[in-house]
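In: show me how the following folds:
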Amino acid sequence: MDLNKIRTATQQLAAQYEIVLVEGAGGLMVPLTEDLLTIDYIQQQAYPVILVTSGRLGSINHTLLSFAALKQYGIRLHSLVFNHIHDSSDKCVAQDSLNYLQCRLKADFSEAEWMELDKNRRGIKIGKNMEHLFGKWLPDLPASVSDGIDLPMSRLLKARSLTVALRALPHTFSVELLKLGELETECGGRLVREVLLKLDGIPVVAARSECRIGSAFLAKHFGLRHASFR
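Out: Residues are numbered from 1 along each chain as shown. Predicted coordinates:
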């Protein structure tokens with residue numbers, strides 16, 4: 001494995017996007033080389049961690065071992081995502097695991113965020129303190145910037161979703177798909193989508209999304225761009 005390619009790809013994405021997600025596979029202790037574990041690489045790069053767990057038997061053990069490893073290496077846990085996909089196998093175990101891990105997260109990493117991933121993969125339940133990741137959203141604009149702003153523009157500035165905001169304006173909203181397909185790079189295949197958001201047929205926003213093909217789902221729900229390693 002060429003770690004320089006991973007660093008280069010991450011740096012290239014970081015130059016284009018505010019947030020980049022570097023996705024690992026298998027866990028913190030998976031070896032990347034004979035002498036380097038995934039957690040070693042995370043520590044070297046000073047990355048925070050988004051840890052994914054679930055409600056199946058053994059998940060509490062795996063999660064607590066990961067907590068211990070992060071503490072030992074001095075790595076910040078950004079958030080813990082509880083994936084409900086395994087809930088149907090044993091609902092009692094799943095609910096007990098959820099309750100226990102929520103409490104342990106507060107005790108062990110009080111500043112980390114708790115999230116839940118719906119088992120039908122339709123969305124993520126996000127905690128209330130996500131300003132550090134998505135930016136702070138205010139129910140009302142500060143007085144210093146609200147003077148002279150009309151109601152449609154005010155709604156646009158306060159909206160969590162730009163698409164939703166544009167749809168709410170008193171204009172005809174439309175999307176033109178410019179590109180949708182796979183792109184081969186030195187780091188593997190990537191899924192690319194480019195669109196134009198229009199009001200009354202006039203382009204107002206050009207948007208591009210890009211992620212590793214196998215990570216399209218996470219990219220959609222986290223709103224992040226991916227640099228992946230195996």
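
In: could you say what helices and strands the longest helix seen in the chain packs with?
Out: Taking DSSP state H as the criterion, the chain has its longest helix at helix 91-108. On a contact count with 3 or more Cβ pairs under 8 Å, 6 or more residues apart in numbering; DSSP states H and E, helix 91-108 meets strand 49-54, helix 59-73, strand 77-83, strand 113-117. For glycine as for every other residue, the C-beta is placed from the backbone atoms N, C-alpha and C.

In: against which helices or strands is the third one packed?
Out: Taking 3+ Cβ pairs under 8 Å, 6+ apart as contact, the helices and strands that strand 77-83 lies on are strand 49-54, helix 59-73, helix 91-108, strand 113-117.

In: ok, the last one next?
Out: Here strand 113-117 touches strand 77-83, helix 91-108, strand 124-126, going by 3+ Cβ pairs under 8 Å, 6+ apart.

In: also the second one?
Out: Counting contacts by 3+ Cβ pairs under 8 Å, 6+ apart, the secondary-structure elements packed against helix 59-73 are helix 38-45, strand 49-54, strand 77-83, helix 91-108.

In: could you dump the last one to CSV, C-alpha only?
Out: What follows is the C-alpha trace of helix 91-108 in CSV, where atoms were taken according to Å, rounded to 0.1, in the frame of the first residue of the first chain:
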residue,chain,number,x,y,z
LYS,A,91,-34.3,-6.2,19.3
CYS,A,92,-33.6,-6.7,23.0
VAL,A,93,-29.8,-6.9,22.5
ALA,A,94,-30.0,-3.9,20.0
GLN,A,95,-31.9,-1.7,22.4
ASP,A,96,-29.7,-2.6,25.4
SER,A,97,-26.6,-2.0,23.4
LEU,A,98,-27.9,1.4,22.3
ASN,A,99,-28.7,2.5,25.8
TYR,A,100,-25.4,1.3,27.2
LEU,A,101,-23.3,2.9,24.5
GLN,A,102,-25.1,6.2,24.8
CYS,A,103,-24.2,6.3,28.5
ARG,A,104,-20.6,5.2,27.9
LEU,A,105,-20.1,7.8,25.2
LYS,A,106,-21.1,10.5,27.6
ALA,A,107,-18.8,9.2,30.2
ASP,A,108,-15.8,8.4,28.1
